[in-house]
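Student: Quick check, what structure comes out for this input:
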Amino acid sequence: MRTLTIALAKGRTAKQVMKMFEKIGITCEEMNDPDTRKLIFENRELGLRFFLAKATDVPTYVEHGAADLGVAGKDILMEEGRVLYEVLDLETAKCRMCVCGPAEAAEKLKHGEQITVATKFPNITKEYFLNKKYQTVEIIHLNGSIELAPIVGLSDVIVDIVETGSTLRENGLQILEEICPLSARVVVNQVSMKMEYERIMELVRGLRKVVKGE
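Tutor: Next comes the predicted model:
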């Protein structure tokens, strides 16, 4: 039996996904060791290999076939536009992609004025403003604390992921528009789907039942 390789994002997402797998009888004892520094784990009995990667890299591993399937945030999938199959919403790691800024910036959004937007997600931002709102924007790509940009005058607004909104409030910002909801998704390599369709879909069906609480 060929080993199926599953890519997971390091940290909280991997723990949440492994709890879901455990509910359908898929375990990997090695991953439960809190002191381990390993990145690759195997359950040889089930013919499964798991590896931990940076969240933004998971779709890359899956697209290029280094992993047969993986779990990635919808934000990363939208931003990178990788060629793979998105087969299941796990309904975990829920948050929102939003346009945020000081209250006075709301008027600029309403009237379609040209504005400057700071973001870690330039492709999502471009798609939203140019193709949905038909509003001209200058996009500034940042990697760090996006909330800083409107405070110091670098941008009018930001596009970022919002979970609770507490960081925004602490910095005098608020949600002005919601672009879309986000959550963790199961993605599958296109070739793997053809070669291992039954095994992959058995996993997906099991996870779907967990998501639905069956």
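Student: number of nearby residues for H111?
Tutor: 8 (other Cβ atoms under 10 Å). Using the backbone N, CA and C atoms, a C-beta is placed for each residue, glycine as well.
Student: tell me the contacts of it?
Tutor: Not one residue lies near H111 by Cβ atoms under 8 Å, 6 or more residues apart in numbering.
Student: One more: Y85?
Tutor: 187-190, 193.
Student: Now with 6 Å, please.
Tutor: 188, 193 (Cβ atoms under 6 Å, 6 or more residues apart in numbering).
Student: How much space separates it from Q190?
Tutor: Applying Cβ to Cβ, to the nearest Å, the value for Y85 to Q190 is 6 Å.
Student: Over to R37?
Tutor: 32 Å.
Student: quick one, which of those two is more surrounded?
Tutor: Between R37 and Q190, counted using other Cβ under 10 Å, the more crowded position is Q190 (13 against 5).
Student: Look up phi and psi at that one.
Tutor: Per-residue torsions, Q190: phi -60, psi -40 (degrees, to the nearest 10).
Student: In terms of pLDDT, where does it sit?
Tutor: Model confidence at Q190, given as pLDDT, is 97.
Student: Return the list of strands paired to the strand ranked longest in the chain, each annotated with direction.
Tutor: Across the chain, the longest stretch assigned as strand under DSSP state E is strand 174-182. Sheet pairing of strand 174-182 (DSSP bridges) gives strand 95-101 (antiparallel).
Student: could you give the mean pLDDT of the strand it pairs with?
Tutor: On average, strand 95-101 scores 97.
Student: Equivalent analysis for stretch 33-48, please.
Tutor: 85.
Student: so how far is that stretch off the chain centroid?
Tutor: 23 Å (Cα atoms, centre = their mean, to the nearest Å).
Student: Quick check: end-to-end length of that stretch?
Tutor: 18 Å (Cα to Cα, to the nearest Å).
Student: now do stretch 63-78
Tutor: 14 Å.
Student: Point me to the helix or strand that includes P59.
Tutor: Assigned by DSSP states H and E, P59 falls within helix 58-63.
Student: by contact count, what packs against the helix or strand following that helix?
Tutor: Using DSSP H and E, the helix or strand that follows helix 58-63 in sequence is strand 69-73. Packing contacts for strand 69-73, counted by 3 or more Cβ pairs under 6 Å, 6 or more residues apart in numbering; DSSP states H and E, involve strand 4-9, helix 58-63, strand 184-188.
Student: for strand 69-73, what is the average pLDDT?
Tutor: For strand 69-73, mean pLDDT rounds to 96.
Student: what does it contact?
Tutor: 6-8, 17, 58-59, 62, 184, 186-188.
Student: between those residues, which is closest to I140?
Tutor: Among the contacts of strand 69-73, P59 lies closest to I140 (Cβ to Cβ), at 24.3 Å.
Student: Identify the residue nearest the geometric centre of this protein.
Tutor: By Cα atoms, centre = their mean, the mean C-alpha position of the chain lies nearest to G73, the distance being 1.4 Å.
Student: Alright, I will stop here.
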